[in-house]
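Participant: Dropping a prediction and its sequence here:
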Amino acid sequence: MLHGNSVRLLTGNSHPELAQAVAERLNVLLTPCTVKNFSNGEINVKISESIRDEDVFIIQSGCSDVNDNLMELLILISACKGSAARRITAVIPCYPYARMDKKDKSRAPITAKLVANMLAVAGCDHVITMDLHASQIQGFFDFPVDNLYSEPLMISYIKQNIPDWKNGIIVSPDAGGAKRVTAIADKLGIEFALTHRQRANKNHNSQEERMDVLVGDVRDKVAILVDDMIDSGNTLTLATRTLQEHGAKEIYALVSHGLLSELNMSKIEELPIKQLVVTNTIAQKSHQEGCSKLVTIDISPTIAESIRRTHNGESISLLFGDWTEPNGAF
């Protein structure tokens with residue numbers, strides 16, 4: 001239950017279905033606002049009700065038209081700041097540019113830090129996000145950032161929807177996800193495996209890649225691939241074929257952020273997997289129409305509860321009980 005009547009929920013055009021689901025969970029109405037484009041592409045925002053001295057939460061995910069959605073968020077924050085909102089929280093289920101979190105080559109930008117700076121300049125006071133690609137992104141901000149986790153939802157899904165999960169093994173498609181899969185495997189009381197992606201030969205001009213299972217035995221087991229995001233599907237394709245070659249009985253894939261922006265969904269149908277399970281940090285309706293194997297986990301209860309706890313001044317960490325943050329983000 002929300003204390004007082006000073007909560008305002010706003011949303012742009014990135015994921016209105018999620019915003020509506022969160023509003024229904026909180027039993028509040030979305031504050032009417034119009035976010036539209038002029039003919040030259042500039043974004044126009046109009047908030048139709050007073051938000052003076054209100055606790056404002058703007059739900060906007062960094063997906064599909066990521067630059068437009070980011071700009072919408074910044075303009076909404078600025079509009080709320082100029083309208084004397086008491087506190088402005090950006091609820092960003094999928095943080096934009098999260099993969100650009102470090103300078104991994106010469107002259108490379110750290111764009112995740114730039115996004116943090118832009119949010120601060122716009123007037124944001126607090127950020128709620130989910131499964132950051134790298135948890136150290138929280139350090140780019142000089143105000144509070146709450147990073148929510150989808151792993152408890154994934155564990156519940158595994159227990160309820162994968163019949164032979166006790167004969168399963170949690171698999172990471174790269175070494176960077178080792179802490180994540182070991183944490184989930186420990187919670188389930190099953191084993192884990194790691195794969196390694198590399199070029200097929202030492203010729204640096206070769207584009208062929210392959211994977212090897214470095215740790216763990218997947219033979220005759222239900223292999224459950226866990227990763228933080230899927231975009232082109234290349235990693236998933238390599239990993240599923242590798243697991244099949246090593247004798248996995250069944251293969252499931254659980255992914256936090258289903259970007260799927262570069263992927264023809266018919267490619268998923270052809271892969272030897274039973275299901276591709278993603279959360280709805282990003283709208284999946286159009287993707288589901290083209291793929292019978294795609295399943296969505298609803299995160300709106302977690303988002304709604306984090307908003308309620310933030311507004312009431314309660315602990316968000318209690319949402320996850322004794323869940324320990326994996327080292328190396330999801």
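Facilitator: Here it is on my side, so go on.
Participant: any low-confidence regions in the stretch 151-300 of the chain?
Facilitator: For the stretch 151-300 of the chain, the stretches with pLDDT under 70 are 199-208.
Participant: And the strands in it?
Facilitator: 168-172, 191-199, 209-215, 222-230, 250-258, 275-279, 294-297 (DSSP state E, counting those that start in this stretch).
Participant: For residue 94, which non-adjacent residue is closest in space?
Facilitator: Among residues not flanking residue 94 along the chain, residue 281 sits closest, at 4.4 Å (Cβ to Cβ, 6 or more residues apart in numbering). All C-beta spots, glycine's among them, are computed from the backbone N, C-alpha and C.
Participant: before we move on, the earlier item: can you add mean neighbour count and distance to residue 12 and give the strands of the stretch 151-300 of the chain back as JSON lines?
Facilitator: Listed next are the strands of the stretch 151-300 of the chain as JSON lines, based on neighbours: other Cβ atoms under 10 Å; distance: least, Cβ to Cβ, whole Å:
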{"stretch": "strand 168-172", "mean neighbour count": "27", "distance to residue 12": "34"}
{"stretch": "strand 191-199", "mean neighbour count": "18", "distance to residue 12": "36"}
{"stretch": "strand 209-215", "mean neighbour count": "15", "distance to residue 12": "37"}
{"stretch": "strand 222-230", "mean neighbour count": "24", "distance to residue 12": "21"}
{"stretch": "strand 250-258", "mean neighbour count": "25", "distance to residue 12": "18"}
{"stretch": "strand 275-279", "mean neighbour count": "24", "distance to residue 12": "19"}
{"stretch": "strand 294-297", "mean neighbour count": "18", "distance to residue 12": "21"}
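Participant: and residue 121, how many neighbours does it have?
Facilitator: By other Cβ atoms under 10 Å, the residues close to residue 121 number 11.
Participant: so what pLDDT did it get?
Facilitator: pLDDT for residue 121: 98.
Participant: ditto for the one 4 residues further on
Facilitator: Residue 125 is assigned 97 on the pLDDT scale.
Participant: wait, what's in contact with residue 60?
Facilitator: Taking Cβ atoms under 8 Å, 6 or more residues apart in numbering, we find residue 60 in contact with 11-12, 14-15, 69, 72-73, 76, 90-92.
Participant: actually residue 253, not the one I typed
Facilitator: Per Cβ under 8 Å, 6+ apart, neighbours of residue 253: 224-227, 230, 236, 239-240, 273, 275-277.
Participant: is the closest residue to it other than its chain neighbours in a bridge, and if so with what?
Facilitator: Computed as Cβ to Cβ, 6+ apart, the closest residue to residue 253 that is not its neighbour in sequence is residue 225, at 4.3 Å. Beta bridges link residue 225 to residue 171, residue 253 when assigned by DSSP bridges.
Participant: Enumerate every residue touching residue 225.
Facilitator: Residue 225 neighbours (Cβ under 8 Å, 6+ apart): 171-173, 236, 239-240, 243, 251-254, 273.
Participant: which one of these is nearest residue 42?
Facilitator: Closest to residue 42 out of these is residue 236 (37.6 Å), distances taken as Cβ to Cβ.
Participant: you'd agree residue 297 is up against residue 155?
Facilitator: No: shown here, residue 297 and residue 155 do not form a contact pair, counting by Cβ atoms under 8 Å, at 11.0 Å.
Participant: hmm, who's touching the one helix or strand residue 56 maps to?
Facilitator: Assigned by DSSP states H and E, residue 56 falls within strand 55-59. Outside strand 55-59, the residues within contact range by Cβ under 8 Å, 6+ apart are 6-12, 15, 18-19, 22, 73, 76-77, 80, 85-91, 93, 128, 303, 307, 310-311.
Participant: Just the buried residues of these.
Facilitator: Among these, those classed as buried by 16 or more other Cβ atoms under 10 Å are 7-12, 15, 18-19, 22, 73, 76-77, 80, 85, 87-91, 93, 128, 303, 307, 310-311.
Participant: tell me the helices in this protein, going along the chain?
Facilitator: Counting by DSSP state H, the chain has these helices, from start to end: 16-26, 66-82, 111-122, 151-161, 178-188, 234-245, 266-270, 285-289, 300-312.
Participant: Can you list the buried residues in the fifth one?
Facilitator: Neighbour-count burial for helix 178-188, with 16+ other Cβ under 10 Å as criterion, is recorded at 178-185, 187-188.
Participant: Could you chop the chain up by domain?
Facilitator: The chain is divided into the following domains under automatic domain parsing: 7-149+300-320, 151-297.
Participant: start to end distance for the first one?
Facilitator: End-to-end distance of domain 7-149+300-320: 24 Å, with Cα to Cα, to the nearest Å as the criterion.
Participant: what's the distance between residue 47 and residue 62?
Facilitator: 21 Å (Cβ to Cβ, to the nearest Å).
Participant: Could you check which of those two is surrounded by more residues?
Facilitator: Set side by side, residue 47 and residue 62 show more neighbours around residue 62, with 25 against 19, by other Cβ under 10 Å.
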